[in-house]
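Colleague: Provided below for reference: sequence and predicted model.
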Amino acid sequence: MEAAAGVEERERERTTTVCVTGAGGFIASWLVQRLLAGGRYTVHGTVQMIAPAVTGTANVLKACSEAKVKRVVVVSSLSAVMVHPEWHKVPVMDESYWSDTELCRTTANWYCLSKTLAELEAFNYAKRTGLDVLTVCPSLVIGPLIQSTLNASSSVIVDCLKGDHEVKMKLRNFVDVRDVADALLLVYETPEASGRYICNSHPRQVSSVIELLKSWYPTYKYADRFIQVSDEPVFSSEKLETLGWKFKPFEETLRDSVESYRAKGVLN
C-alpha cells in the first residue's frame, strides 16, 4: 500500500490540475479529451455552475483568483468581433475589432451583446487584478459529437439535411470542434500567448455546403425553404496560426460531422 501511495504521489507531481467549466458541452468535451489524452493533466470539470454571460464570467474569474491559478483561457466567440458598423469596408477582420455594444442593442442582437460584454469583463478583470487571461473567439463550431445531445451550432448542418427547416443562405465561417480544442490547449500552454485569438478556418457559402452534402448523401430530403441574409465578414486566424495552430480540411470536418449525427441517431 505504501508503494502504491508513493506511485500515486509521483503521478500527481507530474500532472497539472486544470478546471474546464461546462465540461459536458460540445467544445468542452473535446477539450477534456485532449487534456486527458496526453496524461499530463488532471481535469476537474463543472457541468452547471453559474449564471450566464457577464455574471458567470466574473464568478469564474474571481474563483480563479482565489485559487491562484496561473492562466485562464476564456472561450468567447466571433460574435464578440463581427457586429461592427463598418465591417463591410474591412477586407479581413482581426482581433483588434470588437462588436459595437450599442449596435447590438439597437438591433436586438442579444447573443452578440452578451458575448461581447462577457469578454470585455474578462479583460477588465485581468487588468484590475493581474490575472493572466486569454480569450479564444471561434466561428461556427461543427464536427463530431461526443455528448449525446445536439448543440446549437451543429443544428445548422442538421437543418440542411432535413426538409422541414428553413435555412439561412449566406457566407458562414466554420471551424472544427477538434481544432478549437487544440487552439485552447495551444494558447494555454504557450507562455508568450496573450490577448485575443480568432479561431476560424473555413468561410463557405451555405449553398455550396448543401451541394457537397447532396453529392455524398443523395437520399436525404434536404431543406427546401431558404431565406437570403447578409454574408458574414471574413476573419483572419493569422495570430493563432503564428503559434502553430493548424486546422483540418473542411470536407473532413463536414463528413465527420454528418457521420457523427448518423451514429447518434440525430438524423433518424
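Modeller: Nice, I can see it. Numbering: from 1, shown residues only.
Colleague: phi, psi of the residue nearest the centre of the chain?
Modeller: In the chain, the residue lying closest to the centroid (Cα atoms, centre = their mean) is P138, at 4.4 Å. The phi/psi pair for P138 (degrees, to the nearest 10) reads phi -80, psi 160.
Colleague: tell me which stretches of the stretch 101-250 of the chain form helices.
Modeller: Assigned by DSSP state H, counting those that start in this stretch, the stretch 101-250 of the chain shows helices spanning 101-106, 110-129, 155-161, 177-189, 206-216, 238-242, 250-264.
Colleague: by mean pLDDT, point me to the weakest helix or strand of this protein.
Modeller: helix 2-14 (a mean of 43; mean pLDDT, DSSP states H and E).
Colleague: who touches whichever helix or strand comes after that helix?
Modeller: Using DSSP states H and E, the next helix or strand after helix 2-14 towards the C-terminus is strand 16-20. Strand 16-20 has contacts (Cβ atoms under 8 Å, 6 or more residues apart in numbering) with 28, 31-32, 35, 40-46, 69, 188. Bear in mind the C-beta positions are built from the backbone N, C-alpha and C, glycine included.
Colleague: only whichever of the residues you listed are buried, select them in PyMOL.
Modeller: The buried subset of the contacts of strand 16-20, as determined by 16 or more other Cβ atoms under 10 Å, is captured in PyMOL by this line:
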select buried, resi 28+31+32+35+41+43+45+188
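Colleague: so how far is S79 from H88?
Modeller: 17 Å (Cβ to Cβ, to the nearest Å).
Colleague: next one: S194
Modeller: Noted for S194: a distance of 22 Å to S79, by Cβ to Cβ.
Colleague: the more surrounded of those two?
Modeller: Neighbours around S194 and S79, counted as other Cβ atoms under 10 Å, are more numerous at S79. The numbers are 21 against 12.
Colleague: T101 versus that one, what's the distance?
Modeller: According to Cβ to Cβ, S79 stands 12 Å off from T101.
Colleague: where are the low-confidence patches of the protein?
Modeller: Along the chain, segments meeting pLDDT under 70 span 1-14, 47-48, 50-52.
Colleague: tell me the contacts of D256?
Modeller: G143, P144.
Colleague: the same query, at a cut-off of 6 Å, please.
Modeller: P144 (Cβ atoms under 6 Å, 6 or more residues apart in numbering).
Colleague: and it, how far from W30?
Modeller: On the measure of Cβ to Cβ, D256 and W30 end up 12 Å apart.
Colleague: can you check E102 too?
Modeller: 35 Å.
Colleague: next: S236.
Modeller: To W30, S236 is 23 Å away according to Cβ to Cβ.
Colleague: cool, L36 as well?
Modeller: From L36 to W30 the distance is 11 Å (Cβ to Cβ).
Colleague: which one of these two has more residues nearby?
Modeller: Taking other Cβ under 10 Å, L36 and W30 do not tie; W30 has more neighbours (24 against 12).
Colleague: pretty sure the more buried one sits against D182.
Modeller: No. Using Cβ atoms under 6 Å, W30 is not in contact with D182; the gap is 8.9 Å.
Colleague: please report phi then psi for the residue nearest to G22 when sequence neighbours are not counted.
Modeller: Nearest residue to G22 in three dimensions, chain neighbours excluded: A28, at 4.9 Å (Cβ to Cβ, 6 or more residues apart in numbering). Dihedral angles of A28 (phi, psi; degrees, to the nearest 10) stand at phi -60, psi -40.
Colleague: give me the buried stretch members for stretch 109-126, please.
Modeller: 109, 112-122, 125-126.
Colleague: so how far is the helix or strand hosting A63 from its chain's centroid?
Modeller: For A63, the host element (DSSP H and E) is helix 53-66. The chain centre lies 19 Å from the centre of helix 53-66; the measure is Cα atoms, centre = their mean, to the nearest Å.
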